[in-house]
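# kindly return the folded structure for what I paste below:
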Amino acid sequence: MEIEYSPGFMDAWEESDLSVSSSGYVTTDATWRQMPLPSPYSRLYFVTGGSGMIISDTEQLPLEPGYVYLAPCGASCGFYGTDSVTKLFFHINFTMPNGYDLFASCKKFLRIPYSVSRTEQLSDWFRSNDTVKLALLKCSIWEVVASFASML
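You can find the predicted model right below:
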C-alpha cells in the first residue's frame, strides 16, 4: 500500500477557523437602515429578492438577487433597502493562525454571482433540522468564503 500525504492539509485544517456569530433569513422593510460603522465581523448576504444598498464612507454597492455579497470585517458598512430585500445572511469571522481575521485587510465590498435557485436551496437547508442538510449548508458557506478569499 502506498499512501500520499498532503504537506499542508492538516495544518490548514487545524489552523483556520470559520465562525458564525449570527444568521437568519429575512425580508427587510423600511426600518432596515444603518449609517456606515466599522463591524467586528464580515457580513455574507445571499440575496434572493428586492433591492437595497450596502454603503461605506467611500463606496456603495447595490444589493441584487443572483449574487452573494461580502462586507469585510473591520470595514465601514451601512445599508438600506430601496424597497425591501430578501436575503439569507451570516455574520462570520475567518480567523487565521496569527489570530487575525482573513478579511480584515480588505476594505471594499465584494460580490460574486450566485444563482437565486442555489440560494433558495441553502435557505431550505438553513430552515432544516436535518444534520446532513446542515452539513451541506456549512460546506457551501465554506466554499463561498473560499471564493471571496481567492479574490484578495
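# what segments of the protein are strands?
Taking DSSP state E, the strands of the chain run over residues 17-27, 33-38, 42-55, 60-63, 67-71, 76-95, 110-113.
# direction included, what does the fifth one pair against?
In the sheet containing strand 67-71, its partner strands are strand 42-55 (antiparallel), strand 110-113 (antiparallel), by DSSP bridges.
# of all those strands, which one is nearest K87?
Closest approach to K87 among the strands paired with strand 67-71 (C-beta to C-beta): strand 42-55, 4.8 Å. (C-beta placed from N, C-alpha, C; glycine too.)
# got the CA positions of that closest one in PDB?
Taking C-alpha atoms only, strand 42-55 is exported to PDB below (Å, rounded to 0.1, in the frame of the first residue of the first chain):
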ATOM      1  CA  SER A  42     -17.800  40.100   7.900                       C
ATOM      2  CA  ARG A  43     -21.300  40.100   6.500                       C
ATOM      3  CA  LEU A  44     -22.400  37.500   3.900                       C
ATOM      4  CA  TYR A  45     -25.600  38.400   2.100                       C
ATOM      5  CA  PHE A  46     -27.200  35.800  -0.200                       C
ATOM      6  CA  VAL A  47     -29.900  38.000  -1.900                       C
ATOM      7  CA  THR A  48     -33.000  36.300  -3.400                       C
ATOM      8  CA  GLY A  49     -35.300  39.300  -3.900                       C
ATOM      9  CA  GLY A  50     -35.900  43.000  -3.700                       C
ATOM     10  CA  SER A  51     -33.100  45.600  -3.800                       C
ATOM     11  CA  GLY A  52     -31.000  47.600  -1.500                       C
ATOM     12  CA  MET A  53     -27.600  49.100  -1.000                       C
ATOM     13  CA  ILE A  54     -24.600  48.500   1.200                       C
ATOM     14  CA  ILE A  55     -22.600  51.600   1.800                       C
END
